[in-house]
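Visitor: below are the sequence and a predicted model; questions follow.
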Amino acid sequence: MKILAVVGAPNKGGTTDQLVNLIMDNIESSEKETIYLKDYRINPCIGCFDCIKTNRCTQEDDWDTIQNKLMDAEVLVLGVPTFYSGSLGFNALTHLFLERWFALRHLGVKLKVKKVVLAVVSATGYAETAINGLKAFFEGYHMLPEVEVIHARGTLPCMVCGVGETCEISGFIQMHGPGAKITPDVIPSLKKQPEIVEKAKQIAASIK
């Protein structure tokens, strides 16, 4: 079984990357690959409809390489960071990746994917906008049969920007109150979320 992991986070080594790697490391398969969207040049869909007859986009970027990997995969693990989680849902890199799936919508479903694992990371804990949108995308628009979600807590940008304790619109202050201090014990990590680690291992074990 071929498993493809796609990391939508722009920073390698962050919580999204860690969560995806935790799942992939525990999947027993010799045919698995992880790619990072930040390493590819992906343009937005330009609505030209050139893909209608061939299911292939005619833009000259790296999408064709990614599509080839997608079309071989039987399981997709998608790492999704939520930027502006309550409004926009997920970040632009992930959105570009999904937008280009339009080339796969014509003339019937062309994918072998039997299962999608959404590894969603939110610093605020609010991931409903992203999760609901992603499930609608995969299950509704692309009619993929099984979507499983794992949701972990990530690091709020205001915790690491340098002015999170004093900024007037700091998300950290909004969450923890005026006068709160950014200390190592308040910064989330997967190590502090044993239930998420266990769930990631269970998801991996279910992929056979």
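Guide: That came in fine, so what should we check first? Residues are numbered from 1 along each chain as shown.
Visitor: return the helix or strand in this protein with minimum mean pLDDT.
Guide: helix 171-176 (a mean of 88; mean pLDDT, DSSP states H and E).
Visitor: I'd like the next helix or strand past it.
Guide: Helices and strands here follow DSSP states H and E; after helix 171-176, the next one along the chain is helix 194-206.
Visitor: what packs against that next one?
Guide: Applying 3 or more C-beta pairs under 8 Å, 6 or more residues apart in numbering; DSSP states H and E, we find helix 194-206 packed against helix 15-25, strand 147-153. All C-beta atoms are positioned from the backbone trio N, CA, C, and that covers glycine.
Visitor: each with direction, which strands does the last one pair with?
Guide: Each strand that strand 147-153 pairs with, and the sense of that pairing, follows from DSSP bridges: strand 115-122 (parallel).
Visitor: and the protein, what are its domains?
Guide: The chain breaks down by automatic domain parsing into domains covering 3-154+189-206, 156-188.
Visitor: buried sites along the last one?
Guide: Going by neighbour count (16 or more other C-beta atoms under 10 Å), the buried part of domain 156-188 is 156, 158-159, 164-165, 170-173, 176, 182, 188.
Visitor: related to what we said a few turns ago, turn the helices and strands packed on helix 194-206 into TSV, including mean pLDDT.
Guide: TSV is the format used below for these (pLDDT from 0 to 100):
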stretch	mean pLDDT
helix 15-25	98
strand 147-153	97
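Visitor: need the winner for burial among the ones you listed.
Guide: Ranked by mean neighbour count under mean count of other C-beta atoms under 10 Å, those are led by helix 15-25, which reaches a mean of 22.
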